[in-house]
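[1] mind folding the following:
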Amino acid sequence: MVDSRPTRTTKSYWIPTEAAGERVFWMSLEFSLNRPLKKGQPSIAEMALSSGSADEALLGLPPVVPPKIRKEAQRLLRPWPDSRYTGAYGRSGGILNVFTPQWGEPQDEVWAEKVAGRESKVFPDDQTRQEALRALENRWNTTPHPFFAGLTPAQVMVGGGPQEAELADEFLGQLTRLYDGRPFDSVGQALVKTLTLLRSWQSQRRKDGRMVLEIIVAERNELLARRARVLSRLTDSC
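    Have a look, this model is predicted:
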């Protein structure tokens, strides 16, 4: 029988596996980097992007934040590559993904199929071949991916914001109320129950008529748009 005691994260939630509990914690860190320290001010992620220095941006964190957390925050704040966003494999993916396996490139059949299709083509020269690869990588970055519950790698990279943080807290609270103390025959059974509840919850419509999934996607797209505006200002100032 599976131990049904809750995994300890930033709050006390019932989480079906220790791995999922760790991802919930790192998801919370991603949320905090996209949350303005004060109303009307940029987020830590935007400050790091503007200054080019994660260390400078993290000066706003309280001194009590452990070195391990600061180090992980620095990793999340690294500049994105001009090529494929392979860093998405190592992000939490937000509340939509914390209970699924953390896939890696070796399991990514979507990318493997794209590469195989490219390699079957004949290119007139190496430059054309490289341009085709960059175009393929850009499409992968911005195409919904089954590994990420339908989010694009770019949406995974940018992380969630305050709205998703509230929604995640809502779902984890609901999950805890429903399953805390309830025995399960196996970890697999606990995960299936959790994912079934999650997929149903993400399709629920709110007062504005949007599904939870649509709210999450819209916020991540807005964070991507804000990121693009910061980068555009930096380019214009050069």
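[2] what are the contacting residues of the helix or strand that contains Asn138?
    Assignment of secondary structure by DSSP states H and E places Asn138 within helix 126-141. Residues outside helix 126-141 that contact it (C-beta atoms under 8 Å, 6 or more residues apart in numbering): 83-85, 110-111, 114-115, 118, 121, 123, 152-154. Using the backbone N, CA and C atoms, a C-beta is placed for each residue, glycine as well.
[3] can I get these in a markdown table with neighbour count?
    Output for the contacts of helix 126-141, formatted as a markdown table (neighbours: other C-beta atoms under 10 Å):
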| residue | neighbour count |
| --- | --- |
| Ser83 | 12 |
| Arg84 | 18 |
| Tyr85 | 21 |
| Val110 | 13 |
| Trp111 | 18 |
| Lys114 | 17 |
| Val115 | 14 |
| Arg118 | 14 |
| Lys121 | 9 |
| Phe123 | 13 |
| Thr152 | 22 |
| Pro153 | 25 |
| Ala154 | 19 |
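[4] which of those residues lies closest to Val192?
    Among the contacts of helix 126-141, Val110 lies closest to Val192 (C-beta to C-beta), at 23.8 Å.
[5] and that closest one, what does it touch?
    With C-beta under 8 Å, 6+ apart, Val110 has these contacts: Trp140, His145, Pro146, Phe147.
[6] from Glu46, how far off is the nearest residue to Pro162 once chain neighbours are set aside?
    Leaving aside its sequence neighbours, Pro162 sits nearest to Arg35 (C-beta to C-beta, 6 or more residues apart in numbering; 5.4 Å). The spacing between Arg35 and Glu46, counted by C-beta to C-beta, to the nearest Å, is 11 Å.
[7] neighbour count: the two, which is higher?
    Under the criterion of other C-beta atoms under 10 Å, the comparison of Arg35 against Glu46 puts Glu46 first, with 19 against 14.
[8] secondary structure element for the more buried one?
    Using DSSP H and E, the element containing Glu46 is helix 44-51.
[9] filter the contacts of helix 126-141 down to just the ones in helices.
    Taking DSSP state H, the ones among these that sit in helices are Val110, Trp111, Lys114, Val115, Arg118, Pro153, Ala154.
[10] ok, the fourth one to Leu133 distance?
    Between Val115 and Leu133 the distance, using C-beta to C-beta, works out to 9 Å.
[11] wouldn't Lys193 be in contact with Leu175 here?
    No. Assessed by C-beta atoms under 8 Å, Lys193 is found out of contact with Leu175, at 9.2 Å.
[12] which two in the ones in helices among the contacts of helix 126-141 are spaced the farthest apart?
    Greatest spacing in these, by C-beta to C-beta: Arg118 and Ala154 (20.2 Å).
[13] does Arg182 count as helix, strand or coil?
    coil (DSSP: H, G, I helix; E, B strand; the rest coil).
[14] how many other residues sit next to it?
    Arg182: 11 neighbours (other C-beta under 10 Å).
[15] which SSE is Leu198 in?
    Under the assignment here (DSSP H and E), Leu198 is part of helix 187-201.
[16] please name every helix or strand in contact with the helix or strand that that helix is followed by.
    Counting by DSSP H and E, the next helix or strand C-terminal to helix 187-201 is helix 212-237. Judged by 3 or more C-beta pairs under 8 Å, 6 or more residues apart in numbering; DSSP states H and E, helix 212-237 is in contact with helix 44-51, helix 153-158, helix 162-179.
[17] show the average pLDDT along the second one.
    Averaging pLDDT along helix 153-158 yields 98.
[18] centre of the chain versus that helix, how much separation?
    6 Å (C-alpha atoms, centre = their mean, to the nearest Å).
[19] outside of that helix, which residues touch it?
    34, 45, 80, 84-85, 87-88, 91, 93-94, 97, 140-143, 145, 148, 217, 220-221, 223-224, 227.
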